[in-house]
Every structure is written in C-alpha cells, then in structure tokens.
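**Q** no sequence for this one, just the structure:
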C-alpha cells in the first residue's frame, strides 16, 4: 500500500546491488524488471549525476513549498556538503558535492550529521536527516539514484523542550501596546489559531462578512499545494475587520494587511503585503515587559485555551486545520497538554476518605478539571464551566 492505494514493486538484484521501483500495475513492474536485468549497471551506476546535480534538481522541485520549508531543505543540503573532518589546514570535506551520487555512503552521511549533532543539537541533526532522506527518495524516483537510501542512518538523541505558550495575561499586555491594523492582526491570530503566513496572505475576498466566515490558505501539505479552509468568524473579529475595512490605509489593495512604513528597510515593501515582521512582536513584548513570543506562539495559546475548555481533539483539529487527528494529538503533547490529568484525578478519587482532605486552595482537585479561563477581560482569571463545541467563541470585551 502506498498513499492509500495498491502499488506493485519491481525489484532487481545484480552485481551486489539492489534496485527497486513502484508501479501502478503488475505488468509495468515486470516490464521494468526485465529491462533492468538487461541494463549494464557497471556502466551507469557511477555516472548518473554528481551529488551537486542531485541537490540542485531537488531544490528546483522543492521551490513549490513555502519559504520556510524550502530554506530548511536547502540548509540541510548545504550543511551536508560543508561538513568537514579535522581542523585547520588538515580539515577535509566529508562529502564532496562533485563526487558521483554512488559515492555517498551511510557512513559519510552519519559523519556529516554528527558534526551538526556536536555543534548544534540532536534535534537539528535529525531535522537535517529527515530532509536528506526526502531528497534522496525523490532522486530514487526521478533520477534513478541507487538504493537503499544512504541517508537512512540512525537518529541522534534529542533534548526536546516544550513549546512556549504565552500566558493569556501576557497576550493582552502585548495587545494593549498595539493600534490600528496591528491590533486587528493580533485578533486574527488569536481568534483563528492561524499560522503566520496565512494572515499575511489574507485577502478581502477571503473575508465573508455575510456568512461570518474567513477563508485561510495554507501550503502545509505534503505536495506543497495551496489549499484553503473556511473558519467561522467570531463577532468580535467581524467587528474589528469591519472597522479596518472602513479605516484601512490602502483602499485599492486586495490584501487585508499591508506594510504602512515607507522608511528604512521597509521602503521596498511599502504598500505591499507582509512577508516578514521579525521585529514587531519583539518590540511589543519589550514594551509590555513580558517574555518574548512570536505569531506562532499565539496559535499555541489558542490551542491551549481550547484544550483547557474541554474541547475534543476533533474540534481543535478543525480549528488548527490539521489533516490528521494524530497531528493534533502530537501538537497538544508538545504544548505540555498530555491527557493524563483525568487518569490521575480518577486515582485520587479512589483514595478519597483515607485521611487526606482536599486542599481548600484547589491544588490538585480544582486546577484544570474542565474549567476554563475566559477572554472576557484582560488578565482575568474568572472561571467558567465548559461550553459545547458548537458554541466555542474566543472573545474579549472591548476596552476604551
């Protein structure tokens, strides 16, 4: 099975090598096997292309992905070819990009990744490994690179840190430092749980005031396709976007959020949709005197609040627009929201009446047991009972 459908694998072993390829039909697989048995592997194995050619062709293919994904793949290949053994004048490249593709061995890949492990981290080395495996698999499919994949080396140990989720109070402190379109933009991130680029590319035609919904486009798909999903638009967000429609600076632009600064490094982006806003959140957090966080951390905050409200994974999945519920479950675990509290509370109930009285301050028995933090006031800790998933609205009363 491959991508949900039956595929036939052609497999030929010759001269101590194995080649295999997937086909839609059995006949096609048999035909390919017959042709491979006739092919002179000695004449073609080392002359298919160089490692540099492979990398360049794969990056041409990867250009269809969003910029962050493309840069991640490009950096993985660059670091593979830049890794050296030895120091100073004795330093030598572990992987020469001008060498034929057949010269790349698991040992060389492991040595190059170990450099990343020692100089950066296990997480960085494993991320490069993931991208190299994908690049070689693409080469097997389209360039006839040798198999098995030499990049499938052992993973490195990692020290993972939980994703930082800003406190709700910190978000409102930062929100209080904004005005104009920046204030509306932060509300979009909070109410929609959106990715950074999804709000940057938001157009007015994606804002359906009549049906109270918003269309978000994403490239976070396996094949890099630009797909969209409709999300309900909360009343407060509709009010904010209506205000921005009436007061927007660039009346003729199709984009909702436009660069309004015409000086310094922003001069070339003036009047155009945002591509980067690297300093905005840093400056706002400094003014608010809170721990720095970015746009994506607001997505974490939205997911965290929904989880604490007792919303099922299916609802959170729909809001975050994950294709698989497993992705959402993993996402919540990385936020430190593993579903273990209920089991521990059940264990505590079993021990009830054995000489331990509940803590009147609420430690253990009252903290997080299905109660939520409301968005009704900045910094508020007022508790309320969970609401049905069909009525989930992230709101905050407007302050003067």
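**A** Sure thing, it's come through. None of the values given here were measured: they were computed from a predicted structure.
**Q** where along the chain do the strands fall?
**A** 8-14, 17-23, 84-85, 92-93, 207-208, 213-218, 227-232, 372-373, 383-384 (DSSP state E).
**Q** can you tell me the strand partners of the third one and which way each runs?
**A** Think strand 84-85. Strand 84-85 sits in its sheet next to strand 92-93 (antiparallel), going by DSSP bridges.
**Q** not counting the partner strand itself, show me its contacts.
**A** Identification of contacts with strand 92-93 by CB atoms under 8 Å, 6 or more residues apart in numbering yields 81, 82, 83, 84, 85, 86. To be clear about C-beta, it is placed using only N, CA and C from the backbone, and glycine gets the same treatment.
**Q** likewise for stretch 291-301?
**A** Stretch 291-301 is touched from outside by 163-166, 168, 170-171, 186, 189-190, 193-196, 199, 277, 281-282, 285-286, 320, 335, with contacts defined as CB under 8 Å, 6+ apart.
**Q** which of these are buried?
**A** Taking 16 or more other CB atoms under 10 Å as the criterion, what is buried in the contacts of stretch 291-301 is 163, 165-166, 168, 170-171, 186, 189-190, 193-196, 199, 277, 281, 285, 320, 335.
**Q** look at residue 48 and report its pLDDT.
**A** Turning to residue 48, the model gives it a pLDDT of 55.
**Q** likewise for the one 4 residues further on?
**A** In this prediction, residue 52 carries a pLDDT score of 92.
**Q** thought it was touching residue 98?
**A** Yes. With contacts counted by CB atoms under 8 Å, residue 52 reaches residue 98, the gap being 6.0 Å.
**Q** in terms of packing, which of those two has more residues around it?
**A** More crowded of residue 52 and residue 98, by other CB atoms under 10 Å: residue 52, with 15 against 11.
**Q** what sits against the residue lying closest to the more buried one once chain neighbours are set aside?
**A** With sequence-adjacent residues excluded and distances taken as CB to CB, 6 or more residues apart in numbering, residue 52 is closest to residue 97, at 4.0 Å. Counting by CB under 8 Å, 6+ apart, residue 97 makes contact with 50, 51, 52, 55, 81.
**Q** can you select the buried ones from these in ChimeraX?
**A** Buried residues within the contacts of residue 97, by 16+ other CB under 10 Å, are selected in ChimeraX with:
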select :50,51,55,81
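**Q** and residue 306, how many residues sit next to it?
**A** Using other CB under 10 Å, residue 306 has 22 neighbouring residues.
**Q** okay, and for the stretch 1-150 of the chain, where does confidence drop off?
**A** Along the stretch 1-150 of the chain, the model assigns pLDDT under 70 to residues 2-3, 15-16, 41-48.
**Q** all the helices of it, residue numbers only.
**A** All helices of the stretch 1-150 of the chain, identified by DSSP state H, counting those that start in this stretch, fall at 26-38, 41-44, 51-62, 67-82, 106-119, 122-142.
**Q** elements contacting the longest one?
**A** Yep, that's helix 122-142 we're talking about. helix 51-62, helix 67-82, helix 106-119 (3 or more CB pairs under 8 Å, 6 or more residues apart in numbering; DSSP states H and E).
**Q** I'd like those laid out as JSON lines, including distance to residue 299.
**A** Below are the helices and strands packed on helix 122-142 laid out as JSON lines (distance: least, CB to CB, whole Å):
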{"stretch": "helix 51-62", "distance to residue 299": "24"}
{"stretch": "helix 67-82", "distance to residue 299": "14"}
{"stretch": "helix 106-119", "distance to residue 299": "28"}
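**Q** determine which of those helices approaches residue 26 most closely.
**A** helix 51-62 (28.5 Å; CB to CB).
**Q** looking at the helices of the stretch 1-150 of the chain, which is closest to residue 239?
**A** helix 67-82 (32.0 Å).
**Q** now that closest one: buried residues?
**A** 72, 73, 74, 76, 77, 79, 80, 81.
**Q** looking at the residues you listed, which one is closest to residue 111?
**A** Taking CB to CB as the measure, residue 111 lies nearest residue 80 of those, at 10.4 Å.
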